[in-house]
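1. starting from these lines, generate the structure:
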Amino acid sequence: MTSRFRKIHMGAAKCGLDLGDGSERAEYVCQDYILHKLGRPHRCVNIMYTLYPKDKQWPQRISEACRDMEIHYQWDYPYDDYFPYGENDQPFAQMRDIRRHGQDVLLTLTVDCSLDDGDLRQVARQLKPFGRMRIRINHECAGDWFTHNRRFSYKEVADFFVRFHNIIKEEAPNVSTVFCAGFLKDDGSEIEHERDFLEAYKAADIWSADCYLALHFGWPYDIAEKDGGRYNHSGVEYYYSRFQKTAERLTALCGKKPMTTAEFNTDGDVTGAFGQGESVKRFAYAFRDRHAEWFSGISMYQFRDRGRLGLELEDPNNPAVGVEQPLMDDYREILFDPYFMPQMTSGEEASFPVTLRWGGSEDAEGVEISVAFERNPEFCEITVDDPIGLMIEMNGRWFYKSPKVATIDLMPAFYKRRLEGGQTVSVKLFAPPADGENHDDGRADWNFNSYAELRKPPQFRIRYEAPAKVE
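-> Predicted structure coming up:
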């Protein structure tokens, strides 16, 4: 075995892929499990929380506080049935988990627009150690179902977004804000609630609109049938056109900014399990095939779901168990399409010790190791003695090494992608924050970048034959 070491930079994909993990419809699934299931990390992981501290039921999850309340629609509760923000070290434990695994955080937060600046500053300060994360404030605000839209006017929701955005920029400039509203009207005249929302669009760092090609919005209080149930569906071309025209209108009004969909799927309740994935692929590939540079990200809603909006269906007998759906294979195809993968750029030769910089999933500096293989191995392990966290990519498969672990088995990289004869394989190492947070180490950029030192080259154990063959 021979090895060569070079520095490498990981940059943004042409279109990033994000993943929802937990909501009113599902529990959070740890990132180790998701990484093993999917084979590579996402750009961002979206977690969903609510903040209504003035309500008498707070800080209980509202479905638990109102167990005896008669409910006919998911949004009938006094406030949104997301996890309560700030309780039991949440969402911060989940944010650390996400960042340790080489992903940025997308925090969706539905929040009481009557909170004063002091409350908002506290939230912003809590987010400062979490690097280049995103916060989506009071999403889907062009609708009428969320609590923020029922209690406040569209103009008040927009004014609150601008106020919270400005506080975040003062307290945690590393955090980008996402304004998630609607689309250009079908008559092409203006964006939904354009006059009310214009200042929020101008303030936001990122624009978003949620998109479901099919959605059983009556779930779980009715069943989608041909002759009943509350559901809708639309075509891929219809939504592609809506995104394109919306982005064009917003760019003309506000200047160019990233356009995303922070929630996307096709509901298997409506299409069935076998039609679901095909429509998801056609939507993603519509942007790829047209080289839609104006569109920067798709967030799959979600990993595990109690209905049919997940890559896994939550086992009703045990919520800790997921049942893989046909959609999973279709989504993996998208996930490993080069258009949706981060861009890697090799640099100068690396000498040890080497400093690894983690800015985020779209800006990180690591080490690339070229390893010569004689043929497909029987054993392949990497050992790194430094007590740092690492994300390791080999033969298209990603692995996580925690600071407490030295040796990682890399053989899963060869189970489905076997080497044919002698081949040189690239191994890439990046170092996200070991505990998931950035720490003030005196550097001026501490809340944007974290650094780790790799003191010596990793050691590989590669064997081409097993110790014994059983007769």
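
2. and the helices in this structure?
-> 31-38, 62-65, 92-100, 117-127, 147-151, 154-171, 194-203, 236-254, 268-271, 273-289, 327-335, 412-415 (DSSP state H).

3. got the contact list for the last one?
-> This means helix 412-415. Here helix 412-415 makes contact (C-beta atoms under 8 Å, 6 or more residues apart in numbering) with Asn376, Pro377, Cys380, Met394, Asn395, Gly396, Arg397, Phe399. Every C-beta, even on glycine, is put in place using the N, C-alpha and C of the backbone.

4. list the buried residues in it.
-> Neighbour-count burial for helix 412-415 flags Pro412, Ala413, Phe414 (criterion: 16 or more other C-beta atoms under 10 Å).

5. over to the fifth one?
-> The neighbour-count check on helix 147-151 (16+ other C-beta under 10 Å) flags Thr147, His148, Asn149 as buried.

6. quick one: these as CSV, columns for distance to Thr407 and pLDDT too.
-> Output for the buried residues of helix 147-151, formatted as CSV (distance: C-beta to C-beta, whole Å; pLDDT from 0 to 100):
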residue, distance to Thr407, pLDDT
Thr147, 49, 97
His148, 49, 97
Asn149, 52, 96
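
7. which pLDDT value does the model give the residue positioned nearest the centre of the chain?
-> Residue closest to the mean C-alpha point of the chain, counted by C-alpha atoms, centre = their mean, is Val45 at 2.3 Å. Looking at Val45, its pLDDT stands at 98.

8. got it, and Lys469?
-> At Lys469, the model reports a pLDDT of 87.

9. His72 now?
-> Reported pLDDT for His72: 89.

10. any idea how far Gly143 is from it?
-> In this view, His72 and Gly143 are 18 Å apart by C-beta to C-beta, to the nearest Å.

11. same deal with Pro353?
-> 53 Å.

12. more neighbours: the two, which one.
-> Neighbour count, other C-beta atoms under 10 Å: between Pro353 and Gly143, Gly143 has more, with 14 against 10.

13. contacting residues around the closest residue to the more buried one other than its chain neighbours?
-> Distances taken as C-beta to C-beta, 6 or more residues apart in numbering place Asn149 nearest to Gly143, at 6.1 Å, with adjacent residues excluded. Contact partners of Asn149, counting by C-beta under 8 Å, 6+ apart, are Cys141, Gly143, Val157.

14. can you list these in CSV and add pLDDT and distance to Asp81?
-> CSV is the format used below for the contacts of Asn149 (pLDDT from 0 to 100; distance: C-beta to C-beta, whole Å):
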residue, pLDDT, distance to Asp81
Cys141, 98, 18
Gly143, 96, 16
Val157, 98, 19
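
15. tell me the one of those residues nearest Val371?
-> Taking C-beta to C-beta as the measure, Val371 lies nearest Cys141 of the contacts of Asn149, at 50.1 Å.

16. the closest one contacts Ala181, correct?
-> Yes - counting by C-beta atoms under 8 Å, Cys141 touches Ala181, with 5.3 Å between them.

17. of the two, who's got more company?
-> In this view Cys141 and Ala181 are compared by other C-beta under 10 Å, and Ala181 has more residues nearby, 29 against 26.

18. separation between the more buried one and Glu24?
-> 20 Å.

19. could you do His216 as well?
-> According to C-beta to C-beta, His216 and Glu24 sit 14 Å apart.

20. neighbour count winner among these two?
-> Taking neighbours as other C-beta under 10 Å, His216 and Glu24 compare with His216 leading, 23 against 17.

21. in contact with the closest residue to the more buried one other than its chain neighbours, which residues?
-> Spatial nearest neighbour of His216, excluding adjacent residues (C-beta to C-beta, 6+ apart): Asp269 at 3.8 Å. By C-beta under 8 Å, 6+ apart, the residues touching Asp269 are Ala214, His216, Trp219, Ala224, Tyr231, Gly307, Arg308.

22. 7 Å - rerun?
-> Asp269 sits next to His216, Trp219, Ala224, Tyr231, Gly307, Arg308 when contact means C-beta atoms under 7 Å, 6 or more residues apart in numbering.

23. how many residues are close by the closest residue to Val427 other than its chain neighbours?
-> Spatial nearest neighbour of Val427, excluding adjacent residues (C-beta to C-beta, 6+ apart): Ile369 at 4.3 Å. Residues contacting Ile369 under the criterion other C-beta under 10 Å number 22.

24. Ile369: what's it in contact with?
-> Residues near Ile369 by C-beta under 7 Å, 6+ apart: Ser3, Phe5, Val427, Pro458.

25. check Ala12 too.
-> Counting by C-beta under 7 Å, 6+ apart, Ala12 touches Pro342, Gln343, Glu362.

26. if you rank those residues by neighbours, which is first?
-> Highest count within those by other C-beta under 10 Å belongs to Pro342, 22 neighbours.

27. read off the pLDDT value for that residue.
-> 98.
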